[in-house]
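Participant: pasting the structure only:
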Ligand SMILES: Nc1ncnc2c1ncn2[C@@H]1O[C@H](COP(=O)(O)OP(=O)(O)OP(=O)(O)O)[C@@H](O)[C@H]1O
């Protein structure tokens, strides 16, 4: 019975630890990665624009998916860069492929996010200004 309780406590503890590790990862990436800092500033600006233009619930869902996906992908890209740097300090074609493919994933999502942002915001901005 005791061991069961201990087991449960251990699981709760482990979930809390996982959150701590995740936040530590986000913190270290935000501190060191300029691209991530730029994405955060742009995300804040987009959220402000969404509030100012009073976008709908569905539009908020799309905006939050774009922002969340972008930030998550940027973190994954940073993780790939770290693992590659850990694997080799020398030039290696596979290291280049891994980093460039991860950067490509970020680029595709960023480009689509810009298109989504333009579709959502441009008509509202034009209507607001005219
Ligand atoms: N060990 C390596 N072997 C081969 N090419 C590498 C290696 N490390 C980096 N590169 C390549 O060199 C270029 C610059 O990589 P670097 O990691 O310095 O910057 P980055 O990929 O733009 O990352 P960051 O976003 O941190 O600036 C990229 O094309 C990358 O694929």
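Facilitator: Everything's here; your move. Just so you know, these numbers come straight off a predicted model, no measurement behind them. Numbers count the residues shown, from 1 in each chain.
Participant: Those residues of the chain touching the ligand, which are they?
Facilitator: 35, 81, 88, 91, 92, 95, 96, 99, 100, 103 (C-beta under 6 Å from any ligand atom). C-betas here are computed from N, CA, C, even on glycine.
Participant: Only the buried subset of the residues you listed, as a ChimeraX command please.
Facilitator: ChimeraX command restricting the residues of the chain next to the ligand to the buried ones, with burial defined by 16 or more other C-beta atoms under 10 Å:
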select :81,95,99
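Participant: Which of the helices or strands spans residue 99?
Facilitator: helix 93-129 (DSSP states H and E).
Participant: Show me what that helix is packed up against.
Facilitator: helix 34-52, helix 57-87 (3 or more C-beta pairs under 8 Å, 6 or more residues apart in numbering; DSSP states H and E).
Participant: want to throw the ones you listed into JSON lines with mean pLDDT and distance to residue 119?
Facilitator: Listed next are the helices and strands packed on helix 93-129 as JSON lines, based on pLDDT from 0 to 100; distance: least, C-beta to C-beta, whole Å:
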{"stretch": "helix 34-52", "mean pLDDT": "97", "distance to residue 119": "13"}
{"stretch": "helix 57-87", "mean pLDDT": "98", "distance to residue 119": "9"}
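Participant: can I see the domain layout of this protein?
Facilitator: Listed domain ranges for the chain are 1-32, 33-129 (source: automatic domain parsing).
Participant: Just name the most buried of the ones you listed.
Facilitator: Per-stretch averages of neighbours, counted by mean count of other C-beta atoms under 10 Å, single out domain 33-129 among these, with a mean of 14.
Participant: Check the gap between residue 114 and the ligand for me.
Facilitator: 18 Å (C-beta to the nearest ligand atom, to the nearest Å).
Participant: list the contacts for that residue?
Facilitator: Residues near residue 114 by C-beta atoms under 8 Å, 6 or more residues apart in numbering: none.
Participant: pLDDT score for it?
Facilitator: Residue 114 is assigned a predicted lDDT (pLDDT) of 96.
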